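J.: Sequence first, then the predicted structure, then my questions.
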Amino acid sequence: MAVLRISVGECAAGRAEPAIRAALAHIAPEAPVAVLVHGFRLPGANWRPCPERHVFAPLERFAGAPRWPGRLGLGGEAGLAISFEWPARGGLRAVFRRTGAAAAALAALMLALRRAAPCARLTLIGHSMGAEVVLGALGALPAPVADAAVLLAAAACRTRAHRAAASAGGRGCAILNVTSAENDPYDRLLSALLRGLIEATPAAGLGAARANWTDLALDDPATLATLAALGHPLRPTDGRVCHLSTYTRPGALELYGALIHGRPTPERLALALRAGGRVPVPAPRAALMPGVADAAGAGVTIP
């Protein structure tokens, strides 16, 4: 089994835990489990060319987009990938408002996972608005459940990120906030289109040091040097505006897969980055936040 699909409705109906236990029977007892959370999707039920279909149907092809489970080192006995499906089509503001209900369902899924696999290493990976769902789930958990969370180009509220990192469910979770300059125009646009719902995204970090929060800027030379020294060289991109570059950059998914398997652990990665003396996020990115008045005219669409 490459991917187990679990939807918000299945969590609400109590069908998630039996499906999880059946899937866990096919992996090694010590194998990790990763829950992959997609982001906003363009309206239109028949809109097929979506890169994140690879979370759901990894055998489909989309313009050479990477297939998540295999590149994360999951599948067979190596580990279980769970795609968490939530209703993310429609107007941007309407979809963002649904993230709260999706987060509650994801928290229930994580509790079911921990009951079914009390010793497994559990990792959450959320791309774009999926990061808001992940953060909401951490904030809703009554105790530490997830070992790690990886936020990719997070289209999320920085204030809620603060609360999630400090919450009962978040304090025991190593949170990796992955950013990239290719996504900066999207952060500008998001601040404008979601004005009143968010004051800023976590693209510039939280603005205060937290032991369980690490910013990983993929456009920062010092960060890339540290990753290479750890055995995870990332190839450069062509520098274009891209909302997907945090996982399409060559070597990025393999890095996240290594973290899922604890090679290195997110905690060791954080120590290595801090030992290098690097600033958590390059200073120019802070100027992007909050709300940018001209973003709505930037001519950029959010996939």
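T.: Perfect, I can see it now.
J.: doesn't H38 make contact with A155?
T.: No: counting by CB atoms under 8 Å, A155 does not reach H38; the two are 11.5 Å apart. Bear in mind the C-beta positions are built from the backbone N, C-alpha and C, glycine included.
J.: tally of neighbours for F40?
T.: Using other CB atoms under 10 Å, F40 has 24 neighbouring residues.
J.: Distance-wise, check it relative to L190.
T.: 10 Å (CB to CB, to the nearest Å).
J.: longest helix anywhere in the protein?
T.: If you go by DSSP state H, the chain has its longest helix at helix 92-116.
J.: Can you point out the buried residues in it?
T.: Buried residues in helix 92-116, defined by neighbour count with 16 or more other CB atoms under 10 Å: 92, 95-96, 98-99, 102-114, 116.
J.: and the next element down the chain from it?
T.: Following helix 92-116 in sequence order, the next helix or strand is strand 122-127 (DSSP states H and E).
J.: Residues in contact with the helix or strand that that following strand is followed by: which ones?
T.: Proceeding N to C from strand 122-127, the next assigned helix or strand is helix 129-140, under DSSP H and E. Contact with helix 129-140 is made by 37-40, 84, 86, 88, 95-96, 99-100, 102-104, 106-107, 110, 124-126, 146, 149, 151-157, 160-161, 163-165, 167, 169-170, 173, 175, 202, as judged by CB atoms under 8 Å, 6 or more residues apart in numbering.
J.: Low-confidence ranges, the stretch 101-250 of the chain, go.
T.: 207-208, 239 (pLDDT under 70).
J.: okay, and the common contacts of A155 and H38?
T.: In contact with both A155 and H38: S128, using CB under 8 Å, 6+ apart.
J.: okay, the two: which has more neighbours?
T.: Between A155 and H38, A155 has the larger neighbour count (other CB under 10 Å), namely 30 against 24.
J.: Contact partners for the closest residue to L197 other than its chain neighbours?
T.: Excluding the flanking residues, the one nearest L197 by CB to CB, 6 or more residues apart in numbering is F96, at 5.7 Å. Counting by CB under 8 Å, 6+ apart, F96 makes contact with 40, 129, 132, 194, 197-198.
J.: give me every residue that touches the spatially most central residue of the chain.
T.: By CA atoms, centre = their mean, the chain has its centre lying nearest to G126, at 2.3 Å. Contacts for G126 (CB under 8 Å, 6+ apart) come out as 37, 39, 132-135, 149-152, 154.
J.: Please tabulate the contacts of F96 in CSV, including the columns distance to L206.
T.: Listed next are those as CSV, based on distance: CB to CB, whole Å:
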residue, distance to L206
F40, 22
M129, 18
E132, 15
L194, 18
L197, 18
I198, 14
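J.: Can you tell me which of those has the most neighbours?
T.: If you rank these by neighbour count (other CB under 10 Å), E132 sits at the top with 32 neighbours.
J.: Tell me how far stretch 202-211 lies from the chain's centre.
T.: How far stretch 202-211 lies from its chain's middle: 16 Å, per CA atoms, centre = their mean, to the nearest Å.
J.: Dump it to PDB, restricted to CA.
T.: Written as PDB, here are the backbone C-alpha positions of stretch 202-211 (Å, rounded to 0.1, in the frame of the first residue of the first chain):
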ATOM      1  CA  PRO A 202       5.100  32.400   9.100                       C
ATOM      2  CA  ALA A 203       7.300  33.200   6.100                       C
ATOM      3  CA  ALA A 204       9.300  35.600   8.200                       C
ATOM      4  CA  GLY A 205       9.400  33.200  11.200                       C
ATOM      5  CA  LEU A 206       7.600  33.700  14.400                       C
ATOM      6  CA  GLY A 207       9.600  36.700  15.500                       C
ATOM      7  CA  ALA A 208      10.600  35.000  18.800                       C
ATOM      8  CA  ALA A 209      12.800  32.000  19.500                       C
ATOM      9  CA  ARG A 210      11.000  28.700  20.400                       C
ATOM     10  CA  ALA A 211      12.900  25.500  21.100                       C
END
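J.: In that stretch, which residues are buried?
T.: For stretch 202-211, burial by neighbour count (16+ other CB under 10 Å) applies to 202-206.
J.: now stretch 137-151
T.: Those buried within stretch 137-151 under the rule 16+ other CB under 10 Å are 137-141, 144-151.
J.: first vs last residue of stretch 18-35, how far apart are they?
T.: End-to-end distance of stretch 18-35: 16 Å, with CA to CA, to the nearest Å as the criterion.
J.: next one: stretch 245-258
T.: 18 Å.
J.: which parts of that stretch are buried?
T.: The neighbour-count check on stretch 245-258 (16+ other CB under 10 Å) flags 245-249, 252-258 as buried.
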